[in-house]
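sequence and computational prediction follow.
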Amino acid sequence: MEEKLRVFEEKMEKAVSVLRAEYASIRAGRANPHVLDQITVDYYGVPSGIQQVANVSVPEPRMLLIQPWEKSLIKNIEKAIQVSDLGINPSNDGSVIRLVFPEMTEERRKELAKDVKKKGDGAKVAIRNIRRDANDSIKKQNKSGEISEDEQKQLEEKVQKLTDKFIEKVDKEIEIKSKEILTV
């Protein structure tokens, strides 16, 4: 049963990893290449991430510089950024694309902080659902006679401790990202 617990722990870890990835794509007033992670460009008929077809650098705190490996991609990258929900208009000089991030308003910061909290709550729900699945699995094993009542109680306690540990991790992630967003 210990290996089964490990499977549930890995699922909870995955929920936290997904949350971290979502948080990486939320811009917090500073230029962060990860805001481009969700944007794909048509590269010879294959949808590819911008980082796979260009060099992305941060020359200034509020600017991203995108240098495509092939000049023919500039228009495609520019169009992909414009149709994305990034909300920034790219400017290109024929060889590179510049993304200048405007200073965020207090209202926008609070909006993003709410979004961070909502995504964190979603991760907590996912973790609790994993706990429910784990407990259901333990109960089934008890009913089928694979484990005793005492073993069931011990395993359920371990599952609860795992859940508490991962909920705490999510709370920490929410706190860190909210602080990053609200810091001017």
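Alright, I've got the coordinates.

helices along the protein, start to end?
Under the criterion DSSP state H, the chain contains helices at 2-24, 50-53, 74-83, 106-143, 149-182.

need those in CSV with distance to residue 38, mean pLDDT and mean neighbour count, can you?
C-beta coordinates here come from the backbone N, C-alpha and C atoms, glycine included. Putting those into CSV (distance: least, CB to CB, whole Å; pLDDT from 0 to 100; neighbours: other CB atoms under 10 Å) gives the following:
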stretch, distance to residue 38, mean pLDDT, mean neighbour count
helix 2-24, 10, 89, 15
helix 50-53, 10, 87, 18
helix 74-83, 10, 87, 17
helix 106-143, 14, 92, 16
helix 149-182, 17, 92, 16
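
make JSON lines out of those helices and add distance to residue 100.
Converted to JSON lines, the helices of the chain look like this (distance: least, CB to CB, whole Å):
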{"stretch": "helix 2-24", "distance to residue 100": "20"}
{"stretch": "helix 50-53", "distance to residue 100": "16"}
{"stretch": "helix 74-83", "distance to residue 100": "12"}
{"stretch": "helix 106-143", "distance to residue 100": "16"}
{"stretch": "helix 149-182", "distance to residue 100": "19"}
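
figure out which of those is closest to residue 33.
The closest of the helices of the chain to residue 33 is helix 50-53. By CB to CB, the value is 7.0 Å.

contacts for stretch 84-98 next, please.
Outside of stretch 84-98, the residues within contact range by CB atoms under 8 Å, 6 or more residues apart in numbering are 27, 35-36, 38-39, 63-68, 71, 74, 77-78, 81-82, 99-102.

tell me the buried residues in that stretch?
86, 88, 90, 96-97 (16 or more other CB atoms under 10 Å).

for the residues you listed, which one is nearest residue 163?
Of all the buried residues of stretch 84-98, residue 86 has the smallest distance to residue 163: 35.1 Å, by CB to CB.

got phi/psi on the closest one?
phi -70, psi -30 (degrees, to the nearest 10).

any idea how far residue 158 is from it?
According to CB to CB, to the nearest Å, residue 86 and residue 158 sit 43 Å apart.
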